[in-house]
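Colleague: Here is my input, please return the structure:
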Amino acid sequence: MYAIVEIAGQQFKVEKDKKLFVHRLENEVGSSIDFEKVLLVDNNGEVKVGTPVVEGAKITAKVLDHLKDDKVIVFKKKRRKGYKKKNGHRQYLTQILIEEIEA
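Modeller: Predicted structure coming up:
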């Protein structure tokens, strides 16, 4: 059984006992979260597609950790002009564990 759910503006395919990295959520570590924006549920070949969301479907997840992603280097250069700009970015992430999928 799997579902497609929208979390923090992005869509993820989730399964029970699967760990995900999503954009930083405000919840405390160890707390439980419910996601109501379930777009699709597949229960062993029985597919329910929402318009836009599946009614009564809910995903329950547990917050495992708040962390930062690997550094991404942003480098800009204009040739023959002497312009070089180097910048870095580390995205704030939250690791969650999918505990239950209710269809």
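
Colleague: use CA for all of it now, contacts and neighbours both
Modeller: OK.

Colleague: and stretch 36-52, how far out from the chain's middle?
Modeller: Here the centre of mass of C-alpha atoms in stretch 36-52, compared against the chain's by CA atoms, centre = their mean, to the nearest Å, lies 17 Å away.

Colleague: should've said stretch 17-31
Modeller: Per CA atoms, centre = their mean, the displacement of stretch 17-31 from the mean C-alpha position of its chain is 8 Å.

Colleague: how far does it stretch from start to finish?
Modeller: Between the opening and closing residues of stretch 17-31 lies a distance of 16 Å (CA to CA, to the nearest Å).

Colleague: what's the answer for stretch 19-32, then?
Modeller: Start and end residues of stretch 19-32 are separated by 14 Å (CA to CA).

Colleague: which residues does the residue positioned nearest the centre of the chain contact?
Modeller: The centre of the chain sits closest to Val22, judged by CA atoms, centre = their mean, with a distance of 3.3 Å. Contacts for Val22 (CA atoms under 8 Å, 6 or more residues apart in numbering) come out as Ile7, Ala8, Leu93, Thr94, Gln95, Ile96.

Colleague: can you tell me how far it sits from Glu46?
Modeller: According to CA to CA, Val22 stands 27 Å off from Glu46.

Colleague: Could you list the low-pLDDT ranges of the protein?
Modeller: In the predicted model of the chain, no residue satisfies pLDDT under 70.

Colleague: Does the residue of it positioned farthest from its centre belong to a helix, a strand or coil?
Modeller: In the chain, Arg80 marks the outermost C-alpha relative to the chain mean, sitting 41.8 Å out by CA atoms, centre = their mean. When classified by DSSP: H, G, I helix; E, B strand; the rest coil, Arg80 comes out as coil.
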